[in-house]
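Visitor: missing the sequence, but the structure's below:
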């Protein structure tokens, strides 16, 4: 390794840092040369920075050192703010039972505003001073709350700093529960972004899609369009969000942004995007001038990753012969007739033709479109996957359920014969995410099909419907132990399954931003995710690489992690007072016996 060029060694060690950080610490002990290069990587990236009341002392020590140590200050070229905890959020349900003056928050034009503690503000202002004094090349804002003005001002004064505002990956999960949207943009926040427009390389935002005054809505969208025209973006992700309790007095009805008249017409340099997400944007009824405006604004041919809720965007990509590496398509479910993302039903043949035109697709996620890839003729399904299987590594096929625990409608799921086709035609597949039957006997058959025909996958994700009253004895509650049993079922001899992790999601997610308060059901409180994974030798206390398992209820872990940073944090609209009660539901599962007249909430109690 001593003969390896220094730049090459830097990228090798940087790859080690991104994949397994403890190994980079070991690399610093190899020799002086390795130590020097590894230390550059460790010092250069100040990432996973969390601002919360609990981290004030630790962050103050770090920021003070950066300000006082000129050498260390020059080494830092990238800062990533992973999250900001406000310590002032009150769960949304409180607004229905207490008058506004009793709540420690303020009602704003776009919902409840989150008051941040003085401790949080002190850290953000200190971070702003650090940014102004450093020679940063990159600032990555990955926190869910919007970037505050003090950070905007600091970055605006740092002419060498490029800005990336990431779309929160967990937003797709959190918007399916009764939570507020601290990340939703306002007219003021969009105007503030103009100060860093020339250095904005990535933008992920949530804009309101609910009914506002026409003037305000037009102003916001035109402000956004003007911002995009001035930014050298390589990634753009925009979600148009509805609001909770959509038909209540507090929140207007769900709305989709249709058309792109808000985009500037004459743009000297169209956006050359590698990644584009436009969810709850509809192009179905757009006239030809609107379509041409979008095509002139975005170079569709350059897009590599796309995420849409309207399949009409696929027609645009087809006309430009775009070849994607990743596609996520969220179609309207059959339960969303009143508040749909698209004005027209999806044309399955158009989606099918687009998929057949893709030659290098590695990631495919289709939500509410199981019948797109699974046709009544197995030969057609085999034709599709034979084409996609040459490159496909990640496949997710999921359909949401209605979201009511007394609902008896069933989802469309992949049949065992389709799973067999996937196994025969997709040899590169490493992650498979599918829906599974709720009946235990049928679920067992599905697991058998996976372990026999898709044995080469490393990661399996199963989505089960929430437990419902009256399902016993065909179904037992899905506890953490039940998920461990599923793992052992998959791994039983003579299975050749190379499984490294199993994620079981109980409760097919449904977006509450499209629902009125009469449809808010206790089901949302029983949704949970259980992760079963093999523990490798780096993580195992015994140091053995055997099939040691770690079973985790992610809801509990994520809630407890938030509480470690902020004692007032909420999770899915729940406060810390609910944690002990909900832990039982999440770990033990919900009842499936018929509801008792003497105990009307019987089916909502955890199993015993």
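Guide: Ah, there it is. Small disclaimer: the values here were computed from a predicted structure and weren't measured. Numbers count the residues shown, from 1 in each chain.

Visitor: helices of the stretch 51-200 of the chain, start to end?
Guide: Using DSSP state H, counting those that start in this stretch, the helices of the stretch 51-200 of the chain run over 56-68, 70-75, 118-133, 149-156, 171-174, 187-193.

Visitor: so for residue 567, which of those helices sits nearest?
Guide: Minimum separation from residue 567 across the helices of the stretch 51-200 of the chain (Cβ to Cβ) falls at helix 118-133, 11.8 Å. Every C-beta, even on glycine, is put in place using the N, C-alpha and C of the backbone.

Visitor: which other helices and strands contact the closest one?
Guide: When contacts are defined as 3 or more Cβ pairs under 8 Å, 6 or more residues apart in numbering; DSSP states H and E, helix 118-133 packs onto strand 45-51, helix 56-68, strand 78-84, helix 149-156.

Visitor: out of those, the one nearest residue 275 is which?
Guide: strand 78-84 (17.9 Å).

Visitor: how about the helices of the stretch 401-550 of the chain, start to end?
Guide: 416-425, 440-453, 480-491, 523-526.

Visitor: can you say which of those is packed in most?
Guide: helix 523-526 (a mean of 22; mean count of other Cβ atoms under 10 Å).

Visitor: average pLDDT for that one?
Guide: In this model, helix 523-526 carries a mean pLDDT of 67.

Visitor: any stretches of the stretch 251-400 of the chain with poor pLDDT?
Guide: 251-254, 335-339 (pLDDT under 70).

Visitor: quick one on the thing from earlier: need the helices and strands packed on helix 118-133 in a markdown table (columns: mean pLDDT, mean neighbour count and distance to residue 130).
Guide: As requested, the helices and strands packed on helix 118-133 are arranged in a markdown table below (pLDDT from 0 to 100; neighbours: other Cβ atoms under 10 Å; distance: least, Cβ to Cβ, whole Å):
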| stretch | mean pLDDT | mean neighbour count | distance to residue 130 |
| --- | --- | --- | --- |
| strand 45-51 | 88 | 18 | 9 |
| helix 56-68 | 93 | 14 | 5 |
| strand 78-84 | 92 | 19 | 8 |
| helix 149-156 | 93 | 19 | 8 |
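
Visitor: of all the helices of the stretch 401-550 of the chain, which one comes closest to residue 62?
Guide: Among those, helix 480-491 comes nearest to residue 62, with 37.1 Å by Cβ to Cβ.

Visitor: helices or strands up against that closest one?
Guide: Applying 3+ Cβ pairs under 8 Å, 6+ apart, one finds that helix 480-491 makes contact with helix 440-453, strand 501-506, strand 528-534, strand 549-553.

Visitor: can I get those in JSON lines including distance to residue 158?
Guide: Converted to JSON lines, the helices and strands packed on helix 480-491 look like this (distance: least, Cβ to Cβ, whole Å):
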{"stretch": "helix 440-453", "distance to residue 158": "51"}
{"stretch": "strand 501-506", "distance to residue 158": "40"}
{"stretch": "strand 528-534", "distance to residue 158": "39"}
{"stretch": "strand 549-553", "distance to residue 158": "40"}
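
Visitor: what's the neighbour count on the closest residue to residue 549 other than its chain neighbours?
Guide: With sequence-adjacent residues excluded and distances taken as Cβ to Cβ, 6 or more residues apart in numbering, residue 549 is closest to residue 532, at 6.1 Å. Number of residues near residue 532 (other Cβ atoms under 10 Å) recorded here: 23.

Visitor: confidence score at residue 532?
Guide: At residue 532, pLDDT is 95.

Visitor: residues touching it, list them.
Guide: Residues counted as contacts of residue 532 (Cβ atoms under 8 Å, 6 or more residues apart in numbering) are 483, 484, 486, 487, 501, 502, 503, 504, 549, 550, 551, 552.

Visitor: switch the cut-off to 7 Å
Guide: 483, 484, 487, 501, 502, 549, 551 (Cβ atoms under 7 Å, 6 or more residues apart in numbering).

Visitor: could you do residue 40 as well?
Guide: Taking Cβ under 7 Å, 6+ apart, one finds residue 75 in contact with residue 40.

Visitor: might one say that residue 274 is in contact with residue 233?
Guide: No: using Cβ atoms under 7 Å, residue 274 is not in contact with residue 233; the gap is 9.4 Å.

Visitor: of these two, who's got more company?
Guide: Using other Cβ under 10 Å as the criterion, residue 274 and residue 233 rank with residue 233 on top: 21 against 14.

Visitor: tell me which helix or strand that one sits in.
Guide: According to DSSP states H and E, residue 233 maps onto no helix or strand at all.

Visitor: residues contacting it?
Guide: So, once contact is read as Cβ under 7 Å, 6+ apart, residue 233 ends up touching 200, 201, 202, 203, 271, 273.

Visitor: over to residue 19?
Guide: Residue 19 neighbours (Cβ under 7 Å, 6+ apart): none.

Visitor: going forward, the N-terminal residue is numbered 47.
Guide: Sure, I'll start counting at 47 from here, so that last one is residue 65.

Visitor: re the thing from before, mind checking which of the contacts of residue 279 are buried?
Guide: 246, 248, 249, 317, 319 (16 or more other Cβ atoms under 10 Å).

Visitor: can you get me a residue count around the residue lying closest to the first one once chain neighbours are set aside?
Guide: This points to residue 246. Using Cβ to Cβ, 6+ apart and skipping residues adjacent in sequence, the residue nearest residue 246 is residue 277, 4.1 Å away. When neighbours are defined as other Cβ under 10 Å, residue 277 has 21 of them.

Visitor: cool, residue 250 as well?
Guide: For residue 250, using other Cβ under 10 Å, the count is 21.

Visitor: how about it, secondary structure?
Guide: Assigned with DSSP: H, G, I helix; E, B strand; the rest coil, residue 250 falls in the strand class.

Visitor: quick check: it vs residue 413, distance?
Guide: Residue 250 is 19 Å from residue 413, where distance means Cβ to Cβ, to the nearest Å.

Visitor: on that earlier part again, of the contacts of residue 578, closest to residue 363?
Guide: Set against residue 363, the nearest of those by Cβ to Cβ is residue 547 (32.1 Å).

Visitor: now do the same contact list for that closest one.
Guide: So, once contact is read as Cβ under 7 Å, 6+ apart, residue 547 ends up touching 505, 577, 578, 579.

Visitor: beta partners for it?
Guide: Residue 547 has these beta-bridge partners by DSSP bridges: residue 505, residue 579.

Visitor: swap in the one 5 residues further on?
Guide: With beta bridges defined as DSSP bridges, residue 552 has these partners: residue 510, residue 574.

Visitor: appreciated, that's everything.
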